[in-house]
Structures are given as C-alpha cells and as structure tokens.
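Enquirer: output the structure for:
(one chain, ligands or ions: 1)
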Amino acid sequence: MALLAVGSVALDSLQTPFGVREDVLGGSATYFSTAASFFAPVRVVAVVGEDFPQVHVDFLRGRGVDVSGLERRAGRTFRWSGRYEFDLNQAHTLDTQLNVFADFRPELPEAFRDSSHVFLGNIDPELQLRVLDQVRAPRIVAADTMNFWISSKRATLLEVLRRVDLLFVNDAEARQLAGEHNIVKAARAILAFGPRAVVVKRGEYGALFFSGTEVFASSAYPLAELFDPTGAGDSFAGGFMGYLARSGSLEIPAMRRAIVVGSVLASYAVERFSLDRLRDLGPHEIRARYAEFRRLAHFDDLDVDVLPVAPRP
Ligand code: AMP
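Expert: As a prediction, this is how the structure comes out:
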C-alpha cells in the first residue's frame, strides 16, 4: 500500500502565547507525510522555491518519504504566518504569500499514479481535481479544505466532494460548508454532497467520525504541554491515513482505530513548535499514547439497577 500526499510545503512564521518562530518548516503536506511515515511509504507532490533549505528535504527523505514529486522552482517558497491567542483552538492568519505555489500545477510522477491511499491536502480544489484525474484506481481518497476555498470556490469544491471518499474538516468549516450550525446535521449534509465519510476535527475537544448511520467520537488527549497547534489537523490526517494504509482495511473498526491514531499524532505534533516533536517521536511513544487513549475512553457497564423514580405527591 502506498500513500500519496499533495499539499503545501511551507516556511511558517508563528506566534503563540509561548513564543515566536520565523521561517520554520511547515505546510500541510509536510505534517501529513511526517505523521504518515510512521506507518507506510509516503510519496509527496508539492513545490518549493530556491530558498527552501535542503536540510528540510533531507529530513523528509530521511523519514522514507519519496520526494521525487517535490518540485524546486525559481522563486520563493510558500510562506504562511499565523498567530494564536490564549485560546489555541483558533489560528489567525497574519499573512499568506503564495510565491511558487501561485502557479503550482501538480504533476504526478508516473510511479505515483498507482497510489492506493490518496490525501488531497488543503489546496485550491481545482488542483485537487487535477490530482484526482492523474491517479489510477486508489482504494481511498481523502481531502482537506479550508474556509477560504469554501467561500471562494464552492462549486469546484462540491465537485471534489462528489469524487472523494472522505473529508477532513474542522467544526467551523463543517458549519460553513453545510450552512448549518448543528455539527451532526452539518455532517449529514456534507455526506449528502458525496463523500462516504466525514471527520470533523474539534481541536482540544477531539474528533467526530460520520459514515452512513455510524458515528464515532474520540476525545483529544488531555495535554499539559501544548506549544504550537499548527499542523494538528494535517498530522491527524497523516496518522489516520498512514494507519489505514498500513492495516489494509477500510472497514469501520479500522476507521475507529485510525481516528485514535490520528488523535495520537496530532497530540504529539502540538507539543513543540513546527515539526520538532514529530522529528524525535519514537514508535513506542505512539503505542503508549494509543493505550492511554483506550484507558481514557474506557468505562464499565452500569453495575446497579436504576430504579424508577416515584412520582412526587
Ligand atoms: P493545520 O493542520 O490546519 O494547522 O495546517 C497548518 C499548515 O497549513 C501550516 O504549516 C501552513 O503552512 C499551511 N497553510 C496555511 N494556509 C494555507 C493555504 N492557504 N494553503 C496551503 N497551506 C496552507
């Protein structure tokens, strides 16, 4: 099973209540590939500029990521700058410089076209469609998107939704896309647009999975160390898709485990700035936190009879 990731590879400038970082490694495809690389071979398709440090490419390669689809072009790398208030759930974009990303036309190397699991990171839905046209017979295609595309390219995004199996969105995006405040109703409306499943990410409150009549809720890990929420969503998606590729199953029990694996990867990603925590994360730590998630969610059957309350006189 091979996993294909298309998205941004970026230099981020970040401000959180815990510090400031300039031009650090970021981007949706970067977080996704790094998280997924714990489980399966990943192929990345993205573009960077001449200024992109080679050490970052070497880092991805060192994680076993196939970077032959990472184009280096004349010009500057995509830059995103964001700020988080004390409530870390909400990123405020300060600046987006598309640079070489502005005329990015993803071109899949021939060897990538047989990918079994495909992740269309948060990019222009027109480009997401272009990637879909180039893959042969993927077993599962998942997509991510954001408020910007929901408002500016809605019709194209709806076309993407007709062609993907799974959509990752956060709660605000789900509401905006469905035009519905209630998250359960919003998820149902999104399923009616086409995908077989939708994952609604709710930051520190966890994630909800909807497919047909199936609903699964995972809490987030109650973290004491949280420094930089950037990349949580993409690390979640990377853990989720990486696990599915590794397990080979697309059945509901595998999806449930994937939600928890995604939550584990996201919980580690936010413990330090940029990809610093994922860089030194060990497989044993993934296992350990997965086990903690199980304990966290476990409760026994009710062990007493609940008596009917007598009506008050
Ligand atoms: P998230 O997982 O949603 O926190 O994604 C964070 C990453 O998305 C950052 O590292 C940014 O570089 C990247 N990003 C932010 N805005 C955009 C955009 N408009 N297009 C592509 N990537 C973006």
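Enquirer: all helices for this structure, in order.
Expert: For the chain, the helices defined by DSSP state H cover 28-36, 54-62, 125-134, 147-152, 154-163, 171-178, 183-193, 232-247, 252-269, 276-279, 283-297.
Enquirer: and the ones you listed, which is most packed in?
Expert: Looking across the helices of the chain with neighbours counted as mean count of other Cβ atoms under 10 Å, the highest average goes to helix 28-36: a mean of 31. (Each C-beta comes from the backbone N, C-alpha and C, glycine too.)
Enquirer: give me the residue from the stretch 201-313 of the chain nearest the ligand.
Expert: G233 (3.3 Å; Cβ to the nearest ligand atom).
Enquirer: which residue packs closest to R196, ignoring adjacent ones?
Expert: D165 (5.0 Å; Cβ to Cβ, 6 or more residues apart in numbering).
Enquirer: and for the spatially closest residue to R136 that is not a sequence neighbour, the neighbour number?
Expert: Spatial nearest neighbour of R136, chain neighbours left out: R113 (5.2 Å); criterion: Cβ to Cβ, 6+ apart. R113 has 13 neighbouring residues, counting by other Cβ atoms under 10 Å.
Enquirer: gap between R113 and the ligand?
Expert: With distances taken as Cβ to the nearest ligand atom, to the nearest Å, R113 is found 23 Å from the ligand.
Enquirer: again with R43
Expert: Taking Cβ to the nearest ligand atom, one finds R43 at 18 Å from the ligand.
Enquirer: can you tell me which residues contact that residue?
Expert: Contact analysis of R43 by Cβ atoms under 8 Å, 6 or more residues apart in numbering lists A2, L3, L4, A5, V65, D66, S68, G69, P109, A111, F112, S115.
Enquirer: what number of residues lie near the residue nearest to it when sequence neighbours are not counted?
Expert: Once flanking residues are discounted, R43 sits nearest to D66: 4.3 Å by Cβ to Cβ, 6+ apart. Each residue near D66 was counted by other Cβ under 10 Å, and the total is 20.
Enquirer: quick one: which of the contacts of R43 is most hemmed in?
Expert: Busiest of these [other Cβ under 10 Å] is A5, holding 33 neighbours.
Enquirer: tell me who's in contact with that residue.
Expert: A5 neighbours (Cβ under 8 Å, 6+ apart): A29, F32, S33, A36, V42, R43, V44, V45, F119, G121, G238.
Enquirer: grab the nearest non-local neighbour of the first one.
Expert: On the basis of Cβ to Cβ, 6+ apart, the spatially nearest residue to A29 that is not a chain neighbour turns out to be G7, at 3.5 Å.
Enquirer: S8 and F101 touch, don't they?
Expert: Yes: using Cβ atoms under 8 Å, S8 is in contact with F101, at 6.4 Å.
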